[in-house]
Each structure stands twice: as C-alpha cells, then as structure tokens.
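S.K.: missing the sequence, but the structure's below:
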C-alpha cells in the first residue's frame, strides 16, 4: 500500500540461471523450522537475473542506481545491529536514471569464495545471501534471497580412539573407550564401558550427546551455550558384567 506516494512502486525478484537443475538442501531457520534453499559450494559461480516489475505500468520510476550484492555475514543474536561481513561483492546493474517499463538485469559473481559453511545456532547465524537494491531518494526497494553453502572435507588421516576414566575413590571406577575421536554427522558412535570397581548401587546409566556453541571475539570467549541433542540409555540396572559395548546412531 502506498501512502502519500511514498510506498514501493516496483517489485524485485531474483532468479538463478540454474534454478531448475540446482540441488536444494534443508537448513534450520531461527525459529527451529527447516526450509529448503539452493545449495552451493566454495568456488562456484553465482549467476542469474534480477527482474524489476513496475506496479503501475506507464508510470516512471526514478532511482539513483540498481545493484546486486553477494554477502556472507555472521549475525550475533544478542548484538543484531553489529554484523560481521566476511564476503561482500557488488555488481552495478544500472546507473542513476529512471525506468519507464519493467526490466530484467543479468548478473554473475564468478568463482565466489565461500570459506565457511552455513550455520544457524543458539547464539549465532552464519548466512550467505543475494541482495538486490533500487536506490531511491526517500526509501530504497530491496529483496534478499538466502542460499546454503556446504563445505567438502576429507576424512582425517589420524583418527585414534579415546579412553577416559571416571569414578569415586574406593567406590566406583569406570573406564570408557570410544572407537574414534572424530565423527561424521551420520556416523554411528561405538564404544565400550569397563566396570573396574563397583561398590555402590547403580540404578541406570545413560550417554548424552551434547552440542556446545562458543562465541569468540578477539581470542576471548564471549558466551557458551550447550544443548543436549540425544540421550541413550546404556544400562537400566546394576551391572552384572565387567564390560558393556554400546552404539549411538
């Protein structure tokens, strides 16, 4: 709706050149829901079209330039006014002037560096997006389109097992052993529990998988949040064996 002529007089649409064939990936939004976005990898070219549609045919649209940006930025939920942009590319689509009819502009960002993977957490969000802007005297007209970036990694050459001991002096001595120290998100965690000394009554035992998210600023940890992703009951009564083998999927 336009009040006193100050409303938006045009609509912007961003369309990728390979939208029909490019894969999409699910990604979590801030409200915890999942949505699908176009998937890109580091070094891939991002190209497409910006469609500017005049809402009132025949009415001219004066502007101070039309541009499109490719942005990679980190947003802190507790400091939303202060974003860190680690990628910022700009393409000018039109010089200052006026549009007398709807128009389409081509753009291409060649071999774009995308060093980090898209991420939405409890404290922070790392996102990549395209933003098309029509600059005007009073109110700019803009449109954003998010994409998802995934990084391709190789398996580590060294992935040794983990052993750790916990317990209470002279009462309980347990040794945990995990088959490796680094896991893929889809891996199965396999391990063993050895009961070396048990002199107290054990009702049950469970293993929690916990995600820890830490925000760092100038080599100083600003905040840390933890979230339990999954719980697995390993034992529901006192141990009768010296060892238990478990797996978490």
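M.R.: All right, it came through fine. Given the structure is predicted, the values throughout are model-derived calculations rather than measurements.
S.K.: next SSE downstream of the helix or strand hosting residue 53?
M.R.: Secondary structure assignment for residue 53, by DSSP states H and E: strand 46-54. Remark: after strand 46-54, the chain's next helix or strand is strand 61-63, criterion DSSP H and E.
S.K.: buried stuff in that following strand?
M.R.: By neighbour count on 16 or more other CB atoms under 10 Å, the buried set for strand 61-63 is 61, 63. In this view, the C-beta of every residue, glycine as well, is placed from N, C-alpha and C.
S.K.: would you give the sheet partners of that strand, along with the direction of each?
M.R.: The pairing partners recorded for strand 61-63 under DSSP bridges are strand 97-99 (antiparallel).
S.K.: now the partner strand: average pLDDT?
M.R.: Averaging pLDDT along strand 97-99 gives 92.
S.K.: tell me the buried residues in it?
M.R.: residue 99.
S.K.: how distant is it from the center of its chain?
M.R.: Chain-centre distance of strand 97-99: 38 Å, with CA atoms, centre = their mean, to the nearest Å.
S.K.: now stretch 158-169
M.R.: 32 Å.
S.K.: same check on stretch 128-138?
M.R.: 23 Å.
S.K.: do stretch 116-135 as well
M.R.: 8 Å.
S.K.: quick one: contacts for the residue minimising distance to the centre of the chain?
M.R.: Closest residue to the average C-alpha location of the chain: residue 119 at 1.7 Å, with CA atoms, centre = their mean. Applying CB atoms under 8 Å, 6 or more residues apart in numbering to residue 119 gives the contacts 125-126.
S.K.: picking that back up, tell me the mean pLDDT over the strand holding residue 53?
M.R.: Computed over strand 46-54, the mean pLDDT rounds to 96.
S.K.: buried set for that strand?
M.R.: By 16+ other CB under 10 Å, the buried positions in strand 46-54 come out as 46, 48-52, 54.
S.K.: same check, this time on stretch 74-93
M.R.: Quick answer for stretch 74-93 (16+ other CB under 10 Å): 74-76, 87, 91, 93.
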